[in-house]
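Student: how does the following fold in three dimensions:
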Amino acid sequence: MRPREPRRVLERRRRARARVNLLRQPRSEYAADAGIGSKQVAEVTLPREELDRVWSAEYLERFARTYWRFLSRVSLGLLRVLYTEDSREVVLIARPLVLLRFKAPEYEIDADGGMVKWPIDRGVLVAPNGRGRGYLRLGVRRLPSPDGADEATAVVTSEVVNFYPAIAARVGRWIYNQTQLRIHVIVTHAFLRSLANLDLDESRVGSLSRAALRRSPEASPGRGER
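Tutor: Below you'll find the predicted structure:
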């Protein structure tokens, strides 16, 4: 393995506005009918006033958008996320090679945190019996902190639930574990580490922004992140 350059490490630490601690999780779970689950978790600690500033539905939407941006960047643009009114498609360069197709995001928000869930629809990576089943979910939960504390911590989770990978159905779970799952875990950990810079992308629509919610106060927070 190539040793890391001390200057680059120090520069990244200088620019980081938060500390990210990856938490060890159990290995992937397998259901009796071949559905697979995987979960990655991190604690993000940052100045309390910074967390107060971004603790809103608008920033949950931006957090979701940042995930897709990171996926495209880390793949050097080979993976692209295409948006429609009712779907998100992860494609290899361009259609028709749709690796994963998700339905529109669903949001749940309360005072202590929130989550965004993308139901899995279909795609090249999805086994036929897994179409329309399972989901990808990102969540943020704020931990209690003492009054007057300078820092606060939020727990960030990335979870795949009830996924039916085509490669596991056709070749076997061991091959899936050593290829697709391993890549997924590495990329997700890299995404969680990238949160140290608190660089959250702007949503394309901003349907959960304060301005949008003021215009339509009865609107459900179930759509957004485009």
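
Student: A helix includes Pro144, no?
Tutor: No: counting by DSSP: H, G, I helix; E, B strand; the rest coil, Pro144 falls outside a helix, being coil.

Student: look up how far Leu23 lies from it.
Tutor: Distance, Pro144 to Leu23, by Cβ to Cβ, to the nearest Å: 17 Å. C-betas here are computed from N, CA, C, even on glycine.

Student: between these two, which has more neighbouring residues?
Tutor: Ranked by neighbour count (other Cβ atoms under 10 Å), Pro144 and Leu23 place Leu23 first, with 13 against 8.

Student: tell me the bridge partners for the more buried one.
Tutor: Under the criterion DSSP bridges, Leu23 forms beta bridges with Val41.

Student: I figured it was touching Val44, is that so?
Tutor: No: Leu23 lies out of contact with Val44 (Cβ atoms under 8 Å); the separation is 11.1 Å.

Student: packing partners for the biggest helix by length in the chain?
Tutor: Determined from DSSP state H, the single longest helix within the chain is helix 57-74. Contact here means 3 or more Cβ pairs under 8 Å, 6 or more residues apart in numbering; DSSP states H and E; on that basis helix 57-74 packs against strand 79-84, strand 106-110, strand 113-122, strand 135-142, helix 182-194.

Student: could I get the ones you listed as TSV with mean neighbour count, mean pLDDT and distance to Val161?
Tutor: Below are the helices and strands packed on helix 57-74 laid out as TSV (neighbours: other Cβ atoms under 10 Å; pLDDT from 0 to 100; distance: least, Cβ to Cβ, whole Å):
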stretch	mean neighbour count	mean pLDDT	distance to Val161
strand 79-84	15	91	20
strand 106-110	15	93	13
strand 113-122	20	96	9
strand 135-142	19	97	6
helix 182-194	16	95	13
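
Student: just put those in JSON lines and tack on distance to Glu151.
Tutor: Shown next, in JSON lines, are the helices and strands packed on helix 57-74 (distance: least, Cβ to Cβ, whole Å):
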{"stretch": "strand 79-84", "distance to Glu151": "33"}
{"stretch": "strand 106-110", "distance to Glu151": "22"}
{"stretch": "strand 113-122", "distance to Glu151": "17"}
{"stretch": "strand 135-142", "distance to Glu151": "12"}
{"stretch": "helix 182-194", "distance to Glu151": "18"}
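
Student: now the nearest residue to Asn129 once chain neighbours are set aside: phi and psi?
Tutor: Once flanking residues are discounted, Asn129 sits nearest to Tyr164: 5.9 Å by Cβ to Cβ, 6 or more residues apart in numbering. Dihedral pair for Tyr164: phi -120, psi 90, per degrees, to the nearest 10.

Student: ok, Tyr164 - how many residues close by?
Tutor: Tyr164 has 21 nearby residues by other Cβ under 10 Å.

Student: wait, it sits on Arg133?
Tutor: Yes: here Tyr164 reaches Arg133: they are 6.5 Å apart, a contact under Cβ under 8 Å.

Student: quick check: neighbours shared by those two?
Tutor: Gly35 (Cβ atoms under 8 Å, 6 or more residues apart in numbering).

Student: what is the neighbour count of the residue nearest to Gly134 when sequence neighbours are not counted?
Tutor: Leaving aside its chain neighbours, Gly134 sits nearest to Asn162 (3.5 Å; criterion: Cβ to Cβ, 6+ apart). A count of neighbours around Asn162, defined by other Cβ under 10 Å, yields 16.
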